[in-house]
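# Prediction below, plus the sequence it came from.
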Amino acid sequence: MAETEERVAELRGLAERLGFEIHDASLYDRALTHASSLVDRKRNSFDYESLEFLGDAVLGLAIAHRLFETHPDRSPGEYSRMRAGLVNRQCVARVGQALNIVPLIRLGRGEELSGGRARISLVADCMEALIGAVYLDNGYESAHRFVVRVFSDEVAVADTAKCYGDFKSRLQNYCQGLRIALPRFDVIRAEGPDHQKEFEVEVVVREKPIGRGVGSTKKEAEQMAARAALIYEGQDVQTG
């Protein structure tokens with residue numbers, strides 16, 4: 001089919017741009033296909049969810065390996081905090097957006113009209129699914145090299161952030177230093193099935209909302225909201 005040929009050409013263009021080979025194009029098509037598009041097209045195929053599960057595991061291992069190589073003197077707790085800061089949805093979605101994978105994601109009409117293409121959780125899931133596809137198609141070494149390369153800027157930030165990911169504590173300390181009330185974190189949205197929940201949290205300081213964050217848990221969303229609030233207040237979010 002012409003559509004299939006066009007899709008394969010798009011995927012091969014993505015692979016060439018991102019520096020990996022494609023042997024089985026169907027894996028990458030699946031990684032960038034949302035379930036809603038299958039309903040609309042009545043296609044007997046698969047969406048990204050299973051690959052996202054696999055890619056999440058590959059991403060976690062590759063990031064842990066890289067942190068161990070670049071920071072050999074850290075404690076297990078420090079490694080865990082740094083890894084958490086690098087594999088959360090906000091960070092993974094940022095990488096996916098920077099790699100411009102979003103235009104290649106297949107969505108159903110309803111999902112498209114509801115703004116699905118801009119959803120952080122969806123972009124992050126597809127990015128993880130893409131990592132899973134690279135792993136299945138090329139093996140772990142290639143997937144590891146891919147992750148290290150495309151997350152290099154994020155790892156560089158983690159390199160200078162001694163408290164990377166603990167933005168909530170930093171915001172609380174900032175408020176205490178100003179002798180003002182501690183920040184209030186309000187959940188303004190919680191949607192999705194239990195296994196794929198998305199929370200949006202707004203942080204209020206001086207009775208004024210100054211930051212929002214999204215995450216797969218309330219805690220993660222609070223951290224991202226606190227980060228946004230620190231930026232709003234002119235604080236350096238990289239130096240801890």
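Arrived safely, thanks for sending.
# Outline the domain layout of this structure.
2-160, 167-232 (automatic domain parsing).
# got a pLDDT number for residue 228?
With respect to pLDDT, residue 228 scores 91.
# I'd say it and residue 209 touch.
No: Residue 228 is beyond contact range of residue 209, at 10.2 Å (criterion: C-beta atoms under 8 Å). Placement of C-beta: from N, CA and C, glycine included.
# so the closest residue to residue 235 other than its chain neighbours is in which element?
Using C-beta to C-beta, 6 or more residues apart in numbering and skipping the chain neighbours, the partner closest in space to residue 235 is residue 174 (6.5 Å). Assessed by DSSP states H and E, residue 174 sits inside helix 167-177.
# picking that back up, ok, the residue nearest to residue 235 to residue 198 distance?
27 Å (C-beta to C-beta, to the nearest Å).
# nearest residue to the residue nearest the centre of the chain other than its sequence neighbours?
The centroid of the chain falls nearest to residue 92 when counting by C-alpha atoms, centre = their mean (2.2 Å). Leaving aside its sequence neighbours, residue 92 sits nearest to residue 124 (C-beta to C-beta, 6+ apart; 4.1 Å).
# Any chance you could list what contacts the longest helix seen in the chain?
Counting residues, the longest helix in the chain under DSSP state H turns out to be helix 49-70. The set of residues that contact helix 49-70 without belonging to it, under C-beta atoms under 8 Å, 6 or more residues apart in numbering, is 27, 30-31, 35, 74, 79, 82-83, 86-87, 92, 125-133, 135-136, 140, 143-144, 147-148, 151, 155, 158-159.
# Narrow those to just the buried residues.
For the contacts of helix 49-70, a burial check counting by 16 or more other C-beta atoms under 10 Å picks out 27, 30-31, 82-83, 86-87, 92, 125-133, 135-136, 143-144, 147-148, 151, 155, 158.
# Go ahead and confirm residue 128 touches residue 92.
Yes: with contact defined as C-beta under 8 Å, residue 128 counts as touching residue 92 (6.3 Å).
# Give me the below-cutoff pLDDT ranges for this protein.
The model of the chain has pLDDT under 70 over residues 1-3, 39-45, 158-165, 195, 237-240.
# which residues in it form helices?
Using DSSP H, helices in the chain cover 2-18, 25-31, 35-41, 49-70, 76-87, 89-98, 109-113, 120-138, 140-150, 152-160, 167-177, 218-232.
# quick one on the thing from earlier: check the contact lists of residue 228 and residue 209 and give me the overlap.
Contacts common to residue 228 and residue 209, judged by C-beta under 8 Å, 6+ apart, are residue 203.
# Please identify which of the two sits among more neighbours.
residue 228 (21 against 15; other C-beta atoms under 10 Å).
# neighbours around residue 103, how many?
Residue neighbour count, defined by other C-beta under 10 Å, stands at 9 for residue 103.
# Ok, residue 90 next?
So residue 90, with other C-beta under 10 Å, has 20 neighbours.
# That one and residue 200, how far apart?
Residue 90 sits 12 Å away from residue 200, going by C-beta to C-beta.
# shared neighbours, the two?
What both residue 90 and residue 200 touch, as defined by C-beta under 8 Å, 6+ apart, is the set 213, 214.
# ok, for residue 144, nearest residue in space, not its chain neighbours?
Spatial nearest neighbour of residue 144, excluding adjacent residues (C-beta to C-beta, 6+ apart): residue 62 at 4.7 Å.
# Tell me which residue of this protein is furthest from the middle?
Distance-from-mean max, the chain, by C-alpha atoms, centre = their mean: residue 179 at 34.8 Å.
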